[in-house]
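Student: Sequence and predicted structure below; questions after.
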Number of protein chains: 2
Amino acid sequence: MLPYKSLIQLDRNSPLSLHIQVCNSFIALISNGTLQPSALLPSSRVLAELIGIHRNTVKLAYEELISQGWADSVPRKGIFVLSKLPVISRRRLPEPQREPRQQDPFKWKNKFAGFTPGRNLQTAKLTIDDGFPDVRLTPIDELMREYRSISRKSYGRNFLKYGSAKGSEHLRSSIAHYLYHTRGITVSPENILITKGSQMGIYLAAQLLLNNADNIAVGVSNYLHSDNTFLHQDAKLIRIPVDEYGMDIDHLEKVLRRRSIKAVYVIPHHHFPTTVTLSMERRLKLLKLAKEHRFAIIEDDYDFDFHYENKPYLPLASIDHHQNVIYIGSVTKTVAPALRIGFMIGHTPFINAAASLRELIDKQGDTVLEEAFAVLFDNGEMERYFRKTIKIYKERRDLFCKILQADFSNTIKFKIPEGGLAVWAQFDQKINLGKLAERAVKNGLLIDDGNFYKNESFSANGLRMGFASLNATEMVTALEKLKQVI
Amino acid sequence: MLPYKSLIQLDRNSPLSLHIQVCNSFIALISNGTLQPSALLPSSRVLAELIGIHRNTVKLAYEELISQGWADSVPRKGIFVLSKLPVISRRRLPEPQREPRQQDPFKWKNKFAGFTPGRNLQTAKLTIDDGFPDVRLTPIDELMREYRSISRKSYGRNFLKYGSAKGSEHLRSSIAHYLYHTRGITVSPENILITKGSQMGIYLAAQLLLNNADNIAVGVSNYLHSDNTFLHQDAKLIRIPVDEYGMDIDHLEKVLRRRSIKAVYVIPHHHFPTTVTLSMERRLKLLKLAKEHRFAIIEDDYDFDFHYENKPYLPLASIDHHQNVIYIGSVTKTVAPALRIGFMIGHTPFINAAASLRELIDKQGDTVLEEAFAVLFDNGEMERYFRKTIKIYKERRDLFCKILQADFSNTIKFKIPEGGLAVWAQFDQKINLGKLAERAVKNGLLIDDGNFYKNESFSANGLRMGFASLNATEMVTALEKLKQVI
């Protein structure tokens, strides 16, 4: 007889009843080949004694095993494993494998296998990031207060049910007001889809706009995740030069003479990674071209909220006369990366279709969180947050740039950014950023190796250096550590 | 001179400074054609008096207007609107339009235009839903307590930063334990991707498995959102009959002789919409076929947690010897629809690729919420929740079925479901469910019209009737109202 006493492990704290545990143990033994087809199982009396449970529990387990089709009872002979089971010897799931095996268990598109996952910053200590907000300033207490208050009210409980794929009506309305007051965009809540951050807006727009081999115009330098999102649709990237006034729209015009494009992806302020602002003249020309050539402008304006000289240009969406602009914004990027809220704005049929597609992706957002954010927009908390952080981030930008000027004048070239949370730092060609990042980690500083900013057409020896998430002490320490390893 | 006093509206409570507001007003006037190219602007003294602000504020506004490239200063003559602007007459965004216009502003794939959005249940009163949990039982206070407690700790603040696209390591580990103890699935956290609900798992699997014109096997009756997700990939649905033992795997075997399939989508318990359970024999045969023919099994097991006779079959994933199974589960569907948490399990290269794709879709989940759920799994709160709700839902199922038997025996045929939150009710053919739903709404009861359960191959006159979200009083009232309108 098999060593059932050790093979059958029972857990009296498990939510599963004992007889189900016994039954499951037998299924495992049959399934992994330990118990072969037609094998006789021990009598209920014997097994009960062996593993120390009541005999009736074993009987229940056997009944269960029989009812699940693994065994059968032969009168006066006992319980047998079924003979006809197509049993195959069992293996536990192997240890995690990072690389595809020689032969995958099934065929699939493995085009993401070489994709480098984003860096996990949740466990990192001292970091010069890509330009993220300081989560210590996030109004999380205020948010939690509203979240809790809503979820405790009986009407608030209803927000736990299925709602609209477009997102909370309340938040869409609050965001419509906020956009009108901060940047002159006139839209109704029907034109707004609440997303899980600007990335989802880019993804939805790409899915709806781009087919196989369609052209999309993007900057020579560009945000890698958006490039990858367009490439995932098998679209063709048409690279347009970007200078100090943003994307070169005259160049785009020339391209349009030769071929048609479905969309232009543009980050008017501030271009990623170089932080330049698209000039007003180019903005108007881009809108004119869009109307003439009937392409969509995907305006990624994640960085609007942070301007230190108080003079952001109005977005393309606010002066778009012909609904060519799909406007993408982020609450996430201004409040906290892991609080996933953003928005996408466009003409209603397009937004409705995006909402339908979104139902296939993840049904909808977390309505209680959306309602809580709506309250923070309505009661002025978000405005206070922006006022407070702009003041702090301006000081941090100034200190950061002062240190860069004083201590890195031989190694780093940069311009003081008018807005946003990062400096575009061009390193001396002699400095290998990959090796620099390695040395920095050993010195207690996490910094990027610059590969995220490169593509097949752009290879500047540069880094976005985020200043917003570091207070003065941390900033001094971080740049001191960087200086040591340069 | 233009009536600037009424054209320029200032808001002293706006976060924008006054001079920016004045500047933005001028941009709007230029942009909408009210101020034509080369028009002369009023002097700063005149405008200051007209609109009641300090003259220096007007000067600042004009400087801003010039610096943004809308106007120019001519010495001793004044400030003029630039002559070269390609200004087009401005329109406000039109009222929301539900239908695509004759001519869209740009070309896009409008295949979702006819898609019916999911019903918003957040504002509904008395509803017989599709089989959703009762949000009044959701452990929202416990969740909020953990959410708040985590976000107040300094290490918890770090969860607001960018993390892993796979989701919280802690939650993946908690779910690995939970799956092992409740259903014998042996996986490491590396095999788990935290999603925003089971729908995202289906979507990711479809994107990775299916190309244009690939075959996927699904039930003759099936969950419409998964059908649509596969069709979105331009895959071809091969419909397999479903009887009282679930999907007919012998039929699938015959299909496989003639053509190859990339994947089988199956809901082993309980098939949607008919609530049947896939028999153990068929489960084993399906696994055997998957190995031989190298296809993937997408096992949607959203309904595992609710079993009233305490004898769920083990999932395919727990007896899968060759990693053919992609296992999809939901916390959302068992706790609250708007708390978006689910999981997807598979062999590591596949899960890694799914995580990379997920970075393009929405970067990652809300880590603080994930950490809070992890605590509820670890401290036994989830187990208590399941114990409590299973008891309550069993009572509700019994009462619901008793009333159906007593009062609807002539009009509704059904079997008492062993698990899950809904009864599959087949209505007498004479009853038009669309009209019934209309009459019910007028009588104060929201009930589906049955179209969600139909497809090109399945047209039963049936409804899933969810019993879980109604307490005894509501249930009696709801069914009384239904009886009145039948």
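Tutor: Perfect, I can see it now.
Student: Contact partners for the residue nearest the centre of chain A?
Tutor: By C-alpha atoms, centre = their mean, chain A has its centre lying nearest to residue A:199, at 6.7 Å. With contact taken as C-beta atoms under 8 Å, 6 or more residues apart in numbering or on different chains, residue A:199 is in contact with A:225, A:229, A:342, B:359, B:360, B:361, B:362, B:363. C-beta coordinates here come from the backbone N, C-alpha and C atoms, glycine included.
Student: closest to residue A:254 among those residues?
Tutor: The nearest member of these to residue A:254, counting by C-beta to C-beta, is residue A:229 at 25.8 Å.
Student: helix, strand or coil for that closest one?
Tutor: When classified by DSSP: H, G, I helix; E, B strand; the rest coil, residue A:229 comes out as helix.
Student: residues contacting it?
Tutor: So residue A:229 contacts A:199, A:202, A:203, A:206, B:360 (C-beta under 8 Å, 6+ apart).
Student: The third one touches residue B:358, doesn't it?
Tutor: Right, residue A:203. No: using C-beta atoms under 8 Å, residue A:203 makes no contact with residue B:358, being 10.0 Å away.
Student: residues shared between the contacts of those two?
Tutor: Contacts common to residue A:203 and residue B:358, judged by C-beta under 8 Å, 6+ apart, are absent.
Student: ok, back up a step: what about the contacts of residue A:199, which are in helices?
Tutor: Counting by DSSP state H, those place A:225, A:229, B:359, B:360, B:361, B:362 in helices.
Student: From residue A:335, how far out is the last one?
Tutor: Summarising the geometry, the distance separating residue B:362 from residue A:335, computed by C-beta to C-beta, to the nearest Å, is 16 Å.
Student: likewise the first one?
Tutor: Taking C-beta to C-beta as the criterion, residue A:225 is separated from residue A:335 by 19 Å.
Student: what do you get for the second one?
Tutor: When distance is defined by C-beta to C-beta, residue A:229 is 23 Å away from residue A:335.
Student: So which of the contacts of residue A:229 is surrounded by the most neighbours?
Tutor: Within those, neighbour counts (other C-beta atoms under 10 Å in any protein chain shown) peak at residue A:203, which reaches 30 neighbours.
Student: That one: what's it in contact with?
Tutor: A:229, B:360, B:361, B:362.
Student: need these in TSV with distance to residue B:256 and pLDDT, can you?
Tutor: Shown next, in TSV, are the contacts of residue A:203 (distance: C-beta to C-beta, whole Å; pLDDT from 0 to 100):
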residue	distance to residue B:256	pLDDT
A:229	35	94
B:360	33	94
B:361	32	95
B:362	36	94
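Student: and of the ones in helices among the contacts of residue A:199, the nearest to residue B:480?
Tutor: Nearest member of those to residue B:480, counting by C-beta to C-beta, is residue B:362, at 43.5 Å.
Student: what's the closest non-adjacent residue to the closest one?
Tutor: Computed as C-beta to C-beta, 6 or more residues apart in numbering or on different chains, the closest residue to residue B:362 that is not its neighbour in sequence is residue A:196, at 4.0 Å.
Student: and that neighbour, how far is that from residue A:398?
Tutor: Counting by C-beta to C-beta - residue A:196 and residue A:398 are separated by 33 Å.
Student: Looking only at neighbour counts, state which of those two leads.
Tutor: Using other C-beta under 10 Å as the criterion, residue A:196 and residue A:398 rank with residue A:196 on top: 28 against 13.
Student: Which residues are in contact with that one?
Tutor: When contacts are counted by C-beta under 8 Å, 6+ apart, residue A:196 is found next to A:332, A:340, A:341, A:342, A:362, A:365, B:196, B:362, B:363.
Student: just residue A:219 next, same as before
Tutor: Taking C-beta under 8 Å, 6+ apart, one finds A:239, A:240, A:241, A:242, A:247, A:265, A:266, A:267, A:271 in contact with residue A:219.
Student: Pick out whichever of the residues you listed sits closest to chain B.
Tutor: The closest of the contacts of residue A:219 to chain B turns out to be residue A:265 (C-beta to the nearest C-beta; 13.1 Å).
Student: Which of the contacts of residue A:196 sits closest to residue A:380?
Tutor: Closest to residue A:380, out of all of the contacts of residue A:196 and judged by C-beta to C-beta, is residue A:341, at 17.9 Å.
Student: count of neighbours near the residue lying closest to that closest one once chain neighbours are set aside?
Tutor: Among residues not flanking residue A:341 along the chain, residue A:331 sits closest, at 4.1 Å (C-beta to C-beta, 6+ apart). Residues lying near residue A:331 (other C-beta under 10 Å) number 26.
Student: and residue A:331, what pLDDT?
Tutor: Predicted confidence (pLDDT) for residue A:331: 90.
Student: Show me where the stretch 101-250 of chain A has its helices.
Tutor: Taking DSSP state H, counting those that start in this stretch, the helices of the stretch 101-250 of chain A run over residues A:140-152, A:154-157, A:169-183, A:198-209, A:224-232, A:249-258.
Student: Need the winner for burial among those helices.
Tutor: Across the helices of the stretch 101-250 of chain A, the average number of neighbours (mean count of other C-beta atoms under 10 Å in any protein chain shown) peaks for helix A:198-209, which reaches a mean of 26.
Student: relative orientation of that helix and helix B:224-232 in degrees?
Tutor: Counting by axes from the mean of the first three to the mean of the last three C-alpha atoms, to 10 degrees, helix A:198-209 lies at 60 degrees to helix B:224-232.
Student: How far does helix A:198-209 sit from its chain's centre?
Tutor: How far helix A:198-209 lies from its chain's middle: 13 Å, per C-alpha atoms, centre = their mean, to the nearest Å.
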